[in-house]
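Asks: build the 3D model from these lines:
(one chain, ligands or ions: 1)
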Amino acid sequence: MERPGWWPDDRPMYEVVWCTSCERTFTPDQADLSDGGPHCPHCGADPIAWWDWQELLLSHPHYPRDPEIGGLYPLY
Ligand SMILES: [Zn+2]
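Replies: Predicted structure coming up:
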């Protein structure tokens, strides 16, 4: 995926984002850019709350490598 211009400069591009606030997945192109975004399309959380799905997999190896987009994947 092309790196969107709004993606934070200080982090690598994620193919799939996992939101620590709502524990759901989305792809960067689904981010809500309205109202001073980007925000999580599910709960509106700022990018500070976003994790790379690959990062979650490190501590949750039983989760699928290709998660359901929009799916709920609890941290605990
Ligand atoms: Zn969220």
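Asks: identify the residues contacting V17.
Replies: When contacts are counted by C-beta atoms under 8 Å, 6 or more residues apart in numbering, V17 is found next to 25-28, 31, 40, 50-53. Every residue, glycine included, has its C-beta placed from N, CA and C.
Asks: can I have the buried ones of those residues as a ChimeraX selection?
Replies: A single ChimeraX command selects the buried members of the contacts of V17 (16 or more other C-beta atoms under 10 Å):
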select :25,26,28,31,40,50,52,53
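Asks: list just the nearest of the contacts of V17 to the ion.
Replies: Lowest distance from the ion to these (C-beta to the ion) belongs to C40, with 3.2 Å.
Asks: give the contact list for G70.
Replies: Here G70 is in contact with 24-26, 42 (C-beta under 8 Å, 6+ apart).
Asks: near the ion, which of the contacts of V17 show up?
Replies: Filtering the contacts of V17 for proximity to the ion (criterion: C-beta under 5 Å from the ion) leaves C40.
Asks: looking at the contacts of G70, which two lie furthest apart in space?
Replies: T25 and H42 (8.9 Å; C-beta to C-beta).
Asks: now the common contact residues for the two.
Replies: With C-beta under 8 Å, 6+ apart as the test, T25 and H42 both reach 19, 70.
Asks: noted, bye for now.
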